[in-house]
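[1] The amino acid sequence is not available; the structure is as follows:
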């Protein structure tokens, strides 16, 4: 009997950190706030906490629903809950909105204390390393000395990996899904195209669009459309949309003709309604900068040598944004630095987005791994 | 001894066609002009003509240079010339700017006789089939009953393929390079992103920007940047740019940091200086619509059954826009309809753009094939 259930109605919490945070960009945040959610109960010896890090457009809202938004489950609701692969009957699971985010944590939309106005484009650049530092502050706040696991997909996987490098004593397991040890030139190129669309939008106003009462919706939509192409595989797009025409035949117009155009426009148009362009810019830069091997002459094995966590690395056969080969780079470096690592390449058609789906094989791997973690 | 040389200084010609041209979109052009170039000499029995069809941003200027632009060789100058693989000592080679183009043939920038103003977005949608029809008119004009070969890469390859379907008696060989029998949903999605960037540019003015003295440069640049990512392979981008930083270290800015950003911005910024946004829109739609199998229940074998030409199909190992698998669809359909077809998959790192390069193996295949064509 499958007893998996939703965590039910949840609500976010907010933590304020008054000690300054020195960032990799050279600037210092005088203080900051993080919005987070938790599911399950922290056990008596505080050993069952699992931190879940989000990707580009994710948030702290991992599972369950808000009382006033019953149709808006958390983005990893299929994974996290009582009886689910990341079982909240056993684990105390934490989702946190990253610094620089747009879901309540300090970011471009927050008030810059020096000016009394929103930071906008003046919010400092943040890196994966900075996020991990800020998440460690949250762990301190919650009384968690050591995470049973830090988990993430895509950019979230980079944070999980870097937890094992930055705070080796504070993480028992790193679960790195659909990720990569650094972006390729092509990855950076896609991010740059997205940024240029936003930066060149006449409504961007140098990043201070809040003061003008507008948002660079055209640019942000454009960025999102490009993103969505890279999240899906060629095959899954063909399965989903193929060459199907909305009107059954060409209408010789720039209105929607092919179903895939309808999908892209819809995704693009709704995005500025819930995501902030400055956060998008900052986050793509954090992706571009991430390269833990860079400080070790490009040697990822050396970069990972300080880690003491066990690793689970998962990739998806049709993911061309961060292909299985990119995950294998991580696995190879871990093997060469004598770390314990499990690796699964899941045959799933959905491309990079596979990490969000409840593919049985994929969830089976995660369930088996989490079941073996001593909480 | 390699005696290959440039065709030297060339100049374009212009042909006017006064008979109306019925288009697939249902509209009729009352008349039209095509700009073209020729290289080599048409032989006495007019049997040595080779038509070269261009791709998205190409033109009729295939080889040689213009007297006033000595640094602007034709886009396939490495292939076409005396002693080159497509040898102008043997063949009479013709390049033509497609209808709807922006290099002199009738298109959005031409004057609409009904209004006395530029057509702009009112220029009719043109398809691969329409281009082939218009090229057949040019063949008539030049006194060419039958082409020794029709050749093209990418969208040009689609035209070559369709010549064999539309005018089977007028083409002896079809050379289809880095092409596909139809776009996938992902291909269409990339085109749609490019179109949205142009259509949403405030300077687009519904396609009538000429009258406003502006061009939708932001949108067209954006389209070009996305395009360039799809023309190169992940590996070739890594070889060309890797993660090299212009300043040697992160500067935490939205100015150019990674070299690949510099490349993309440069390509994007220069494009509106030589290419027209309405032509870009029209041409991407022609790509999307192309699907010769559609009229045969999706059966490409049936679509190609009328062809009598011999085929050479060439693909490139790292081309992910039109992968080798797409070329093999064409080859399989030709084999199943008992056509004579040669196929070469070239191991070249440069992605889709490989078809423009003078890779020795690739040019060797073309040279061998053309050498065996009776001119």
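    Yep, that arrived. All values derive from a computational prediction rather than experimental measurement. Numbering: from 1, shown residues only, chains lettered A, B, ... in the order given.
[2] low-scoring stretches of the stretch 1-150 of chain A, by residue?
    A:1-3 (pLDDT under 70).
[3] now do the stretch 251-375 of chain A
    Checking the stretch 251-375 of chain A against pLDDT under 70 turns up A:375.
[4] Okay, helices next: where are they in it?
    A:259-270, A:277-289, A:300-304, A:324-336, A:360-371 (DSSP state H, counting those that start in this stretch).
[5] for the stretch 101-250 of chain A, same thing?
    Listed in chain order, the helices of the stretch 101-250 of chain A (DSSP H, counting those that start in this stretch) span A:128-142, A:155-166, A:185-199, A:217-231, A:234-240.
[6] Redo those helices as JSON lines? Include distance to residue B:98 and mean neighbour count.
    C-beta coordinates here come from the backbone N, C-alpha and C atoms, glycine included. Shown next, in JSON lines, are the helices of the stretch 101-250 of chain A (distance: least, Cβ to Cβ, whole Å; neighbours: other Cβ atoms under 10 Å in any protein chain shown):
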{"stretch": "helix A:128-142", "distance to residue B:98": "47", "mean neighbour count": "20"}
{"stretch": "helix A:155-166", "distance to residue B:98": "42", "mean neighbour count": "27"}
{"stretch": "helix A:185-199", "distance to residue B:98": "27", "mean neighbour count": "25"}
{"stretch": "helix A:217-231", "distance to residue B:98": "26", "mean neighbour count": "25"}
{"stretch": "helix A:234-240", "distance to residue B:98": "27", "mean neighbour count": "18"}
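[7] if you look at stretch A:117-136, does any of it touch chain B?
    Yes: using Cβ under 8 Å from any Cβ of the partner chain, stretch A:117-136 reaches chain B at A:124, A:125.
[8] whoops, I mixed them up, stretch A:14-31
    Yes: using Cβ under 8 Å from any Cβ, stretch A:14-31 reaches chain B at A:25, A:26.
[9] What's the end-to-end length of that stretch?
    In stretch A:14-31, first residue to last residue: 13 Å (Cα to Cα, to the nearest Å).
[10] List the buried residues in that stretch.
    Neighbour counts over stretch A:14-31 (16 or more other Cβ atoms under 10 Å in any protein chain shown) mark A:15, A:17, A:21, A:23, A:24, A:25, A:29 as buried.
[11] Next: stretch A:70-86.
    For stretch A:70-86, burial by neighbour count (16+ other Cβ under 10 Å) applies to A:73-82, A:84-86.
[12] Farthest pair within those?
    Using Cβ to Cβ, the two most remote members of the buried residues of stretch A:70-86 are A:75 and A:82, lying 18.1 Å apart.
[13] residues contacting residue A:221?
    Counting by Cβ atoms under 8 Å, 6 or more residues apart in numbering or on different chains, residue A:221 touches A:268, A:269, A:271, A:272, B:196, B:200.
[14] burial measure for the third one, as a count.
    The number of residues packed around residue A:271, counting by other Cβ atoms under 10 Å in any protein chain shown, is 21.
[15] and the gap between the nearest residue to it once chain neighbours are set aside and residue B:35?
    The spatial neighbour of residue A:271 that comes closest, neighbours along the chain excluded (Cβ to Cβ, 6 or more residues apart in numbering or on different chains), is residue A:224 at 4.1 Å. To residue B:35, residue A:224 is 39 Å away according to Cβ to Cβ, to the nearest Å.
[16] near chain B, which residues of the stretch 251-375 of chain A?
    Counting by Cβ under 8 Å from any Cβ, the positions of the stretch 251-375 of chain A adjacent to chain B are A:252, A:254, A:257-258, A:260-261, A:264-265, A:268, A:281, A:285, A:288-289, A:291, A:320.
[17] Please name the nearest non-neighbouring residue to the residue sitting nearest the centre point of chain A.
    Taking Cα atoms, centre = their mean, the centroid of chain A lies closest to residue A:55, which sits 1.2 Å from it. In space, and not counting its chain neighbours, residue A:55 is closest to residue A:154: 3.9 Å by Cβ to Cβ, 6+ apart.
[18] quick one: contacts for that neighbour?
    A:55, A:56, A:177, A:178, A:179, A:321, A:322, A:352, A:355.
[19] Considering the residues you listed, which possesses the most neighbours?
    residue A:178 (32 neighbours).
[20] correct me, but it touches residue A:153?
    Yes: shown here, residue A:178 and residue A:153 form a contact pair, counting by Cβ atoms under 8 Å, at 4.9 Å.
[21] what touches both of those two?
    Joint contacts of residue A:178 and residue A:153 (Cβ under 8 Å, 6+ apart) are residue A:355.
[22] Kindly reformat the contacts of residue A:221 as JSON lines containing distance to residue A:167.
    Below are the contacts of residue A:221 laid out as JSON lines (distance: Cβ to Cβ, whole Å):
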{"residue": "A:268", "distance to residue A:167": "38"}
{"residue": "A:269", "distance to residue A:167": "40"}
{"residue": "A:271", "distance to residue A:167": "33"}
{"residue": "A:272", "distance to residue A:167": "35"}
{"residue": "B:196", "distance to residue A:167": "43"}
{"residue": "B:200", "distance to residue A:167": "44"}
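[23] residues from the stretch 51-200 of chain A in reach of chain B?
    So far as Cβ under 8 Å from any Cβ goes, the stretch 51-200 of chain A lies against chain B at A:124-125, A:182-186, A:188-190, A:192-193, A:195-197, A:199-200.
[24] Farthest pair within the buried residues of stretch A:14-31?
    Top of the distance list for the buried residues of stretch A:14-31 (Cβ to Cβ): A:15 and A:25, 22.6 Å.
[25] which residues does residue A:327 contact?
    Residues in contact with residue A:327 (Cβ under 8 Å, 6+ apart) are A:176, A:178, A:179, A:180, A:313, A:314, A:315, A:343, A:345.
[26] 6 Å - rerun?
    A:313, A:315 (Cβ atoms under 6 Å, 6 or more residues apart in numbering or on different chains).
[27] Quick check: residue A:89 vs chain B, distance?
    In this view, residue A:89 and chain B are 41 Å apart by Cβ to the nearest Cβ, to the nearest Å.
[28] what separates that residue from residue A:7, distance-wise?
    Distance, residue A:89 to residue A:7, by Cβ to Cβ: 10 Å.
[29] between those two, who's got more neighbours?
    residue A:7 (22 against 13).
[30] and the more buried one, backbone torsions?
    phi -70, psi -10 (degrees, to the nearest 10).
[31] ok, so what distance separates it from chain B?
    When residue A:7 is compared with chain B (using Cβ to the nearest Cβ), they lie 35 Å apart.
[32] Please identify the pairing partners of whichever helix or strand residue A:33 is part of and their relative orientation?
    Secondary structure from DSSP states H and E places residue A:33 in strand A:32-39. Strand pairing for strand A:32-39, using DSSP bridges, gives strand A:13-17 (antiparallel), strand A:92-96 (antiparallel).
[33] next one: the first one to chain centre, how far?
    Spelled out, that is strand A:13-17. From the chain centre to the centre of strand A:13-17 is a distance of 20 Å (Cα atoms, centre = their mean, to the nearest Å).
[34] thinking again about what came up before, closest one to residue B:106 out of the contacts of residue A:154, please.
    Residue B:106 lies nearest to residue A:321 out of the contacts of residue A:154, by Cβ to Cβ, at 41.5 Å.
[35] Tell me who's in contact with the nearest residue to that closest one once chain neighbours are set aside.
    Among residues not flanking residue A:321 along the chain, residue A:352 sits closest, at 4.2 Å (Cβ to Cβ, 6+ apart). The contact partners of residue A:352, by Cβ under 6 Å, 6+ apart, come to A:178, A:231, A:319, A:321.
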